[in-house]
Structures are given as C-alpha cells and as structure tokens.
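> sequence plus the predicted model coming up.
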Amino acid sequence: MEKAVEEAYRATEGGDGGPFGAVIVRDGEVVISCHNMVRRNTDPSAHAEVTAIREVNKATPYSGMCHHILLVLLLCQ
Ligand SMILES: [Zn+2]
C-alpha cells in the first residue's frame with residue numbers, strides 16, 4: 001500500500017498523470033510499482049494498473065498473471 005501511495009505522489013509531482021499508483025505483488029513481494037503515465041506518454045490507456053501489467057509482461061513475457069495481486073490506489077487530495 002505504501003509503495004502505491006508513493007507512486008501516486010510521483011505521478012502528480014512529476015506531472016506524469018493523475019494521482020494513481022499501482023503495485024503488483026507475488027508471494028508477498030512487490031514485483032513492480034507504477035503510476036499513471038497518461039500525460040507523460042500522451043496515452044489515454046497508460047493508467048497505473050495498465051502500466052504495471054505491461055511492465056510485468058516485459059519482465060516475464062507470456063507467463064501470465066496467475067498468483068499475482070494487483071493493487072490500485074487513487075490519492076484523494
Ligand atoms: Zn485505470
């Protein structure tokens with residue numbers, strides 16, 4: 001959860017996108033943490049959770065997401 005909050009702050013402070021953070025966990029370990037990149041990438045699909053899924057797939061192509069937990073956080077300011 002803490003990592004997702006950090007990512008949400010990073011998204012807004014860096015101007016990358018809206019205040020969303022996402023973390024993917026497997027076996028109790030954070031596999032990846034990402035934030036909203038809609039503005040930075042000028043890509044309306046670059047939500048935090050989509051970015052996180054894309055990054056996991058880059059690291060381990062075709063392995064799927066079984067046994068992974070995806071946490072998405074919206075920071076209300
Ligand atoms: Zn989304």
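Yep, that arrived. Numbering: from 1, shown residues only.

> which stretches of the protein form helices?
With helices called from DSSP state H, the chain shows them at 2-13, 38-41, 48-59.

> give the buried residues for the shortest one.
Burial within helix 38-41, assessed by neighbour count using 16 or more other C-beta atoms under 10 Å, is assigned to V38, R39. Placement of C-beta: from N, CA and C, glycine included.

> circling back to that earlier point, got the helices of the chain as JSON lines, with mean pLDDT and distance to V30 columns?
Shown next, in JSON lines, are the helices of the chain (pLDDT from 0 to 100; distance: least, C-beta to C-beta, whole Å):
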{"stretch": "helix 2-13", "mean pLDDT": "95", "distance to V30": "6"}
{"stretch": "helix 38-41", "mean pLDDT": "98", "distance to V30": "22"}
{"stretch": "helix 48-59", "mean pLDDT": "94", "distance to V30": "10"}
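
> just so I know, which of those helices lies nearest G28?
helix 2-13 (13.1 Å; C-beta to C-beta).

> just the CA atoms of that closest one, as CSV, please.
Taking Å, rounded to 0.1, in the frame of the first residue of the first chain, the C-alpha atoms of helix 2-13 are listed here in CSV:
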residue,chain,number,x,y,z
GLU,A,2,2.8,2.4,1.0
LYS,A,3,4.5,1.9,-2.4
ALA,A,4,1.3,2.6,-4.2
VAL,A,5,0.9,5.9,-2.3
GLU,A,6,4.5,6.8,-3.2
GLU,A,7,3.7,6.1,-6.9
ALA,A,8,0.5,8.2,-6.8
TYR,A,9,2.5,11.2,-5.4
ARG,A,10,5.2,10.6,-8.1
ALA,A,11,2.5,10.7,-10.8
THR,A,12,1.3,14.2,-9.8
GLU,A,13,4.6,15.7,-8.6
